[in-house]
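*Asks:* Got a predicted structure here, sequence first:
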Amino acid sequence: MMDHEHAFELLPAYIDQELSLSEALAFERHLAGCEECQRVYEQHRQVSAQLKQADLRVDAPAELLKRIEAALPLPRPRPLWQRLGERVGGWFGGGGSGGVPGWAPVGAMVLSAVALTWSAGLYLSVPSSETRLTQELVDSHIRSLQFDHLSDVISTDKHTVKPWFDGKLDYAPPVVDLVQQGYPLIGGRLDYLDGRSVAVMVYRYKLHPINLYVWPGKDASATPPRIVERQGYHLAHWTTAGMNYWAITDAGEAELNGFVTDLLAHPAS
């Protein structure tokens, strides 16, 4: 159960709708049974609503506007492509009719090449969807450790964990018992990844928690496990039986590989 101190820490983020799905659900469960937290929440909510009212806006004095304008930086230099275009026009200008340089098409081609190169650079600098998802998983794993919120349902029994997800998701996540293999199940929770709610089964290897994220894949094709390292954590990703699987832990690569191998070899419930 969430205590007062934890609830107070999460309250501003809850009002601003910045919590994950599992954090918001835990906060709401605490709020429903705590009069003190309800009173503080209502006070914060009223203050937030008042700050958004239009009558709180005032026009800045003219003297203040002058001081702000004076403090603003000087105009930025013109973009490189614009200065390059003028330079090209100077090199090839003067030969066309009507004041249009005879080499204007060449200048336009150079500008187009510059713009294309600049656009390609922007495209290549945007992280891929898998890179963004990997970072989401690392952030989710870290949050679950920082807020001591590994599990919404705490149980070593898969027949308790699996039914807990009923009605909370639009799919039934497979749950596997690996206690005999040295990876005991300790619970499960809801999280939000890749734009949807997902199931998380929580296992443990010695003192190392392992978060196993599971949600339906876009197709039924299977891909073998692949392990990567990000920010000191090891992540494994694979697909099978139409489901996406991601596992993350601070244990070593060999330990994570053993977990994945045992999981794939064990029949799911």
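*Replies:* Cool, the structure landed.

*Asks:* Contacts made by stretch 224-237 with the rest, please.
*Replies:* By CB atoms under 8 Å, 6 or more residues apart in numbering, the residues outside stretch 224-237 that reach it are 134-135, 137-138, 141, 223, 238, 244-253, 256-257, 259-260, 264. (Glycine included, C-beta is placed from N, CA and C.)

*Asks:* Sort out for me which of those are in strands.
*Replies:* 223, 238, 244-249 (DSSP state E).

*Asks:* List the buried residues of stretch 223-243.
*Replies:* Under the neighbour-count criterion of 16 or more other CB atoms under 10 Å, stretch 223-243 has 225, 233-240, 243 buried.

*Asks:* Take these and write them to a markdown table, including pLDDT and distance to residue 40.
*Replies:* Shown next, in a markdown table, are the buried residues of stretch 223-243 (pLDDT from 0 to 100; distance: CB to CB, whole Å):
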| residue | pLDDT | distance to residue 40 |
| --- | --- | --- |
| 225 | 93 | 46 |
| 233 | 94 | 35 |
| 234 | 95 | 40 |
| 235 | 95 | 38 |
| 236 | 95 | 42 |
| 237 | 94 | 41 |
| 238 | 93 | 45 |
| 239 | 92 | 45 |
| 240 | 90 | 47 |
| 243 | 91 | 41 |
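
*Asks:* just the buried members of the contacts of stretch 224-237?
*Replies:* For the contacts of stretch 224-237, a burial check counting by 16+ other CB under 10 Å picks out 134, 137-138, 141, 238, 244-251, 256, 259-260.

*Asks:* What is the nearest of the buried residues of stretch 223-243 to residue 61?
*Replies:* residue 233 (52.8 Å; CB to CB).

*Asks:* how far away is the closest one from residue 12?
*Replies:* Applying CB to CB, to the nearest Å, the value for residue 233 to residue 12 is 28 Å.

*Asks:* Could you do residue 225 as well?
*Replies:* The value you get for residue 225 to residue 12, if CB to CB is used, is 40 Å.

*Asks:* Make sure residue 204 is indeed in a helix.
*Replies:* No. Residue state for residue 204 (DSSP: H, G, I helix; E, B strand; the rest coil) corresponds to strand; a helix is not indicated.

*Asks:* who touches it in this structure?
*Replies:* 183-184, 186, 210 are the contacts of residue 204 under CB under 8 Å, 6+ apart.

*Asks:* can you check residue 242 too?
*Replies:* Contacts of residue 242 (CB under 8 Å, 6+ apart): 216-217, 219-220.

*Asks:* now the residues you listed in a markdown table, with neighbour count and distance to residue 168?
*Replies:* Formatted as a markdown table, those follow (neighbours: other CB atoms under 10 Å; distance: CB to CB, whole Å):
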| residue | neighbour count | distance to residue 168 |
| --- | --- | --- |
| 216 | 17 | 15 |
| 217 | 16 | 20 |
| 219 | 8 | 25 |
| 220 | 11 | 24 |
